[in-house]
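Undergrad: Give me the fold of what follows.
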Amino acid sequence: MTTDDLTGTREVVVTQARSHTERGILRRWAETEHPGAAVVGLGANGEVPSALGEALHGDDTLIVPARVAWVTPEPGDTGAVRKLTGLATTAVMRMAWSPLHPSMARHRPDAARVVAGEAATVSELVSRFVSQESGRPGSNGFTRFVARQAVLACDRAERRILGDRYKVPRRMVEQITSSARFPQLVDRLTRETGTPAAEVEQRLESCLTEMAAVQSPPAIDVFRAMMGPMHSKAWDVQVDESGLEHLRELNKEHALVFLPSHRSYADPLLFAEVLHDRNFPRNHVLGGNNLSFWPMGSLGRRAGIVFIRRSFGGDTVYKAAMQEYLGHLLAKRFNLEWYIEGGRSRTGKLRKPRIGLLRYLVSALEERPELDAVLVPVSIVYDQLHEVGAMAAEQRGGQKKAEGLGWLFGYFRDQRRHIGTARVRFAEPFSLRRALTEAGEGRAQLEKVAFRVCAGINRVTPATATSLATFALLWAHDRALTLQQVREVVAPLADYLEARGIPVPVAELRTRHGLRMTLDRLAEAGVVTIYEGGTEPVFAVSSGRHHVAAFYRNGALHHLVNRAMLELALLRVGDAQEGEDLVEVAWRELARLRDLLKFEFFFSTRREFREEVIGELDLVDPDWRTRAANPADVRGALRQAPLLVAPGVLRSFLDAQLVVADRLLALGEDAMSEEKAFLEDCLGVGRQMLLQQRLDRADSVSRELYATAVRQADNRELLGGEDDAAAAPLRERRAAWLAEVTAVIDDLGRLGELQRARLEVVLGSGEAPTAAGAAPATSVVPPAGARQRAEGDTGVAS
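TA: The predicted structure follows:
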């Protein structure tokens, strides 16, 4: 095909032929279905011809992918010989071995069926390319992208005709109970529990029957059809295709254990569809039996969901059944999936991992030394979630609604509206056995492995346009911003993340149209208010929706936390006295902050952390190595940094610790009696402190943040109790924690003043700041420490 042949073409048929016969079939089909269209064939081994790049001109040019699928009707019940012959013919047809194509076309012309993938215009493909790969239209990369999209579109179309490949477990309970291992397990449990062997055997079989998934292709298809509305209309899906192909190779030798982040009820459904569309075997998904109500329970179990009890701490037989079942699945190389956080995130960032299932998996491996499992951290992140409002209400003190048929109907209803994109990315997989060895012996071994999973998830989680837009609006507090002002705040954030190599949605952040669409979608969800009664539209977080906005913002905070801590450390270095070792001051402050935030964020090893901090310093001040360090230079670096993120990243979490520390100090020397009642007290006092402007932002009034702060207090032995053997009195130690948190909040207030002064410049109503920590004339809020002193409050900082 020549360039002249393509001139003026409005349709291009991209074919994928494996033989001369198929090329002829596709050419005749194109002449009939798309007369006048140019036909460009992809190479048999995946080569991308130059003609395809030449064809990609004109935004309205329609790209139509097509290939040949060889199909036959399923054999009917017409006798054993005829049925076997039909099955063999079907198998040969579906394998579509190219030397047989001429004979197949002559004898069964109806078996050669052209499947056309979903067509797309060049402009639509450009938009996908820029969004998914941040690439440049017109490049060789774009041509290869179009070729991949054509192949994927035909794959999807072909699977609708040929059906999916399934790896279906059969009679799992029977296999386990008839194995040579089972009598030994019964004998061990009989000795451990003192229960008769017959009763132990019966209970084991009952537990296995209760949890074992019984997959069947028809049930999977029905389940997909029924559950599809829970995700198919709400989101477009972008997938890390190269990461998945790497996993496909690993899966040939090892069972994979997928450990995704958990944001939505739709996570397992959406992820199952991602794997299904790419011919991955269906996972065995371990989930709580709170979702096993009809029809989810009976149908889900037949579609691969393993419903397990929410709590079985004292049931030795159930634990043994779980361990044996997991080991059997690994031995048969069935893939597993569960959500390591143990429940959906209520704050938008990863929760502390729960290691119960991981412990059973490790025990199963210990009994099967020939086996290993490959752990796969998976990030699933959404532009928006319909259910986030309900989760935010729980953080403000509301009660979680019980799942049931009515709940399911409401969820289906909400999911009918399209709300953006879901992104699925895979972190580097790793051997569980090797990870256990590297973690070393001891009580913290499994926690280290689980934290490695969470760190992997965070590493590959992209920053969405929603997360950065809500960051900007929350940063401005209740002040409305114009579209240009939002862009001015978001731009340095996007620049910083791109400098770190973190993917950001270029089309949605770098253009006015893309950013406006993001804000409009947030407005449709009620998160953002748009006022259009003046000279131009202005945007602000809607009243009472700060927790929802914070949920989206928090999805990007793990990329910013090291930068935020470095800013605080540099502020302290800028305050250093003459003669102090500035490097020692910085690392001491970073170690203190890391300890203060270790239950909120997942940090790398201390060696890796030092390297990450030095990398951050290179971005803050590229010339720091070439001059002698002194406090004035550090203050200058802070003044000249293009953005300061610490107040926006850390203030909510420190405010939550402040409330918990205050309420513990109010107990004096008394122990915290009951956590639920204590958290309710924190919620009430937190609301009061917010109304008094002693807290900086509404999203810090959060049950989950207070629960995490209680874990911090417990780690510092501040909850009290009979086993409290610390040297200093409990009240004194509680007061020390409160003072430490207050000091950090004061530092955040100083950085906040500097950043707010910059915001005033963006808003066109102020002058550039002159010194870190100095209160500019245009300041909207007084420094935190000054406000505290003015109020005469001695127990709680602003």
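Undergrad: All the helices of the stretch 201-350 of the chain, residue numbers only.
TA: Counting by DSSP state H, counting those that start in this stretch, the stretch 201-350 of the chain forms helices over residues 217-227, 241-251, 267-277, 296-302, 316-331, given from the N-terminal end onward.
Undergrad: Just the buried residues of the fourth one, please?
TA: Of the residues in helix 296-302, those scored as buried under the neighbour-count criterion (16 or more other CB atoms under 10 Å) are 296, 299, 300, 301, 302. C-beta coordinates here come from the backbone N, C-alpha and C atoms, glycine included.
Undergrad: I'd guessed residue 720 sits against residue 668; true?
TA: No - with contact defined as CB atoms under 8 Å, residue 720 does not count as touching residue 668 (9.6 Å).
Undergrad: Tell me which of those two has more neighbours.
TA: In this comparison of residue 720 against residue 668, neighbours counted by other CB atoms under 10 Å, the higher total goes to residue 720 at 20 against 11.
Undergrad: and that one, what is it in contact with?
TA: Residue 720 makes contact with 667, 669, 670, 671, 672, 730, according to CB atoms under 8 Å, 6 or more residues apart in numbering.
Undergrad: same thing with residue 376?
TA: If a contact means CB under 8 Å, 6+ apart, then residue 376 has 247, 256, 257, 258, 259, 426, 427, 429 as its contacts.
Undergrad: Let me see the contact set for residue 471.
TA: Neighbour list for residue 471: 490, 493, 553, 556, 648 [criterion: CB under 8 Å, 6+ apart].
Undergrad: Return the subset of those lying in helices.
TA: Under the assignment DSSP state H, these contribute 490, 493, 553, 648 to helices.
Undergrad: Roughly how far does the last one sit from residue 556?
TA: Yep, that's residue 648 we're talking about. 10 Å (CB to CB, to the nearest Å).
Undergrad: same question, residue 412
TA: From residue 412 over to residue 556 (counting by CB to CB), the distance is 30 Å.
Undergrad: Mind checking which of those two has more residues around it?
TA: Residue environment comparison for residue 412 versus residue 556 gives the larger neighbour count to residue 556, 25 against 14, counting by other CB under 10 Å.
Undergrad: Now do the SS call for the nearest residue to the more buried one once chain neighbours are set aside.
TA: Counting by CB to CB, 6 or more residues apart in numbering, the nearest residue to residue 556 once its immediate chain neighbours are dropped is residue 467, at 3.9 Å. Reduced to three states with DSSP: H, G, I helix; E, B strand; the rest coil, the structure at residue 467 is helix.
Undergrad: Of the contacts of residue 376 - the most surrounded one?
TA: Each of the contacts of residue 376 was scored by neighbours using other CB under 10 Å; the highest score is residue 257's, at 27 neighbours.
Undergrad: Tell me the bridge partners for it.
TA: Beta-bridge partners of residue 257, counted by DSSP bridges, are residue 336, residue 375.
Undergrad: got it, and residue 481?
TA: Once the bridges are assigned, which here means DSSP bridges, residue 481 pairs with residue 539.
Undergrad: Identify the contacts common to residue 720 and residue 668.
TA: With contacts taken as CB under 8 Å, 6+ apart, the residues that reach both residue 720 and residue 668 are residue 730.
Undergrad: nearest to residue 483, of the helices of the stretch 201-350 of the chain?
TA: Ranking the helices of the stretch 201-350 of the chain by their distance to residue 483 (criterion: CB to CB) puts helix 267-277 first, at 31.3 Å.
Undergrad: Quick one: distance of that closest one to the chain centre.
TA: The offset between the C-alpha centroid of helix 267-277 and the centroid of the whole chain comes to 14 Å, using CA atoms, centre = their mean, to the nearest Å.
Undergrad: and the angle from it to helix 241-251?
TA: Interaxial angle of helix 267-277 relative to helix 241-251 (axes from the mean of the first three to the mean of the last three CA atoms, to 10 degrees): 80 degrees.
Undergrad: What residues sit buried inside helix 267-277?
TA: Of the residues in helix 267-277, those buried under the neighbour-count criterion (16+ other CB under 10 Å) are 267, 268, 269, 270, 271, 272, 273, 274, 275, 276.
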